[in-house]
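> Take this sequence and fold it.
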Amino acid sequence: MNVNRDIGIREAERHPNRLLEALLYSSVFISLCGFALTVETYLLAGLPVSWAMALFVFLATLFTYNLSSVQSILRRPNQSINRRDTVWSQRYKKELAVLGLLSIAVAAGVYFWSGLRIDLWFVLHLAVISVGYTVPMLYKRRRVKPLRSVPLLKVFLIAYVWAVVTAMFPLLDGGMDVWQPETLWLFLRRFLFILALALLFDIRDYTYDLDTKTLTFPGWIGVRRTKLLSLGLLLLYIGVVLASGERGIILWALLVSAIGAAVIVWRSAENRPRVYFAILADGAMLLHAGLVLLATAVAG
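Prediction:
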């Protein structure tokens, strides 16, 4: 038996929270959600799964969510890191920067070597949004705030990018046209589902956004009404699913995933620990994909 492996297992048992933190706060978990939703799209459209595309989405997501660490280290490479910082991402900022840079390098390799059938300019417009979301820009020598600081815009940007990447990319790679009804239905469904979940992170950041004077939906209409808005979006999602012609066990999988997301929304609150949002709110995407995968396997 491998002695090093045994030691690793014992360490994992002693420090389960460290492993969980690494999985969540390195953005590996949410990147796996992107991977799963990409595979789900192929299944829903009846297309052969491109694992290269799913890997590309995983890597691109990993880079995007670690972009702030990449920016910080590139701007100040000799900065001191406080290993006792209460924020996990601050303690491991350099490691996250390396992870982000490796992710985008490998993603570029996957894109070019696998011959993914998505237009590079289409990818670049999302890259501009993703970078501009986190990184302040310079315009006419003036520092412009990142897009996440624009009042009420944050959740729509998140939903748009996730819907394009996890729904539109696979369909285009599978040979479908942007303006095909099936493509538009799947894009709309994914957009509504992600938008409903994105509102939860506005609830999570409610106090922080108040302190930074960033107008979000909880700051505008209150936490309770934001939850109702999220539930309304999930109800609209269900309506679109029904209108788009899904039938049988796949329909039930989509409905159950929406109900699961609704329960997570209803139980959310600004004083919930961050791990609640990291595991459950993001995990609702994994539940969505997992149920569709299970339903597809049962159906056929």
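> which residues in the stretch 201-300 of the chain form strands?
Applying DSSP state E, counting those that start in this stretch to the stretch 201-300 of the chain gives no strands.
> Give me the below-cutoff pLDDT ranges for it.
Residues of the stretch 201-300 of the chain meeting the criterion pLDDT under 70: none.
> same thing with the stretch 51-200 of the chain?
132-149, 151.
> if you set the cut-off to 50 instead, what comes out?
138-140 (pLDDT under 50).
> in the stretch 51-200 of the chain, which spans are strands?
Using DSSP E, counting those that start in this stretch, strands in the stretch 51-200 of the chain cover 137-139, 142-144.
> hang on, isn't Leu157 packed against Ile129?
Yes - shown here, Leu157 and Ile129 form a contact pair, counting by Cβ atoms under 8 Å, at 6.1 Å. C-betas here are computed from N, CA, C, even on glycine.
> Scan the protein for its longest helix.
helix 181-204 (DSSP state H).
> So which elements touch that helix?
With contacts taken as 3 or more Cβ pairs under 8 Å, 6 or more residues apart in numbering; DSSP states H and E, helix 181-204 sits against helix 28-45, helix 154-163, helix 169-173, helix 217-221, helix 223-243, helix 248-266, helix 282-299.
> Start and end of stretch 200-214, how far apart?
16 Å (Cα to Cα, to the nearest Å).
> Identify all contacting residues around it.
148-149, 151, 154-155, 158, 215-219, 223, 226-227, 230, 264-265, 268-270, 272, 274, 277, 281 (Cβ atoms under 8 Å, 6 or more residues apart in numbering).
> List of residues touching stretch 165-172?
34, 37-38, 40-42, 45, 47, 50, 53, 56-57, 60-61, 117-119, 122, 126, 178, 180, 182-183, 186-187, 189-191.
> Quick one: buried ones out of the residues you listed?
34, 37-38, 40-42, 45, 50, 53, 56-57, 60-61, 118, 126, 183, 186-187, 189-191 (16 or more other Cβ atoms under 10 Å).
> Leu20 falls within a helix, correct?
Yes - when DSSP: H, G, I helix; E, B strand; the rest coil is applied, Leu20 is found to be in a helix.
> Find the nearest non-adjacent residue to it, please.
Distances taken as Cβ to Cβ, 6 or more residues apart in numbering place Val275 nearest to Leu20, at 7.7 Å, with adjacent residues excluded.
> quick one: the one you found and Phe56, what's the gap?
28 Å (Cβ to Cβ, to the nearest Å).
> to the chain's geometric centre, what's the distance from stretch 235-249?
Remark: stretch 235-249 is offset 22 Å from the chain centroid, using Cα atoms, centre = their mean, to the nearest Å.
> Please apply the same query to stretch 74-93.
That offset, for stretch 74-93, works out to 23 Å (Cα atoms, centre = their mean).
> Understood, closing this out.
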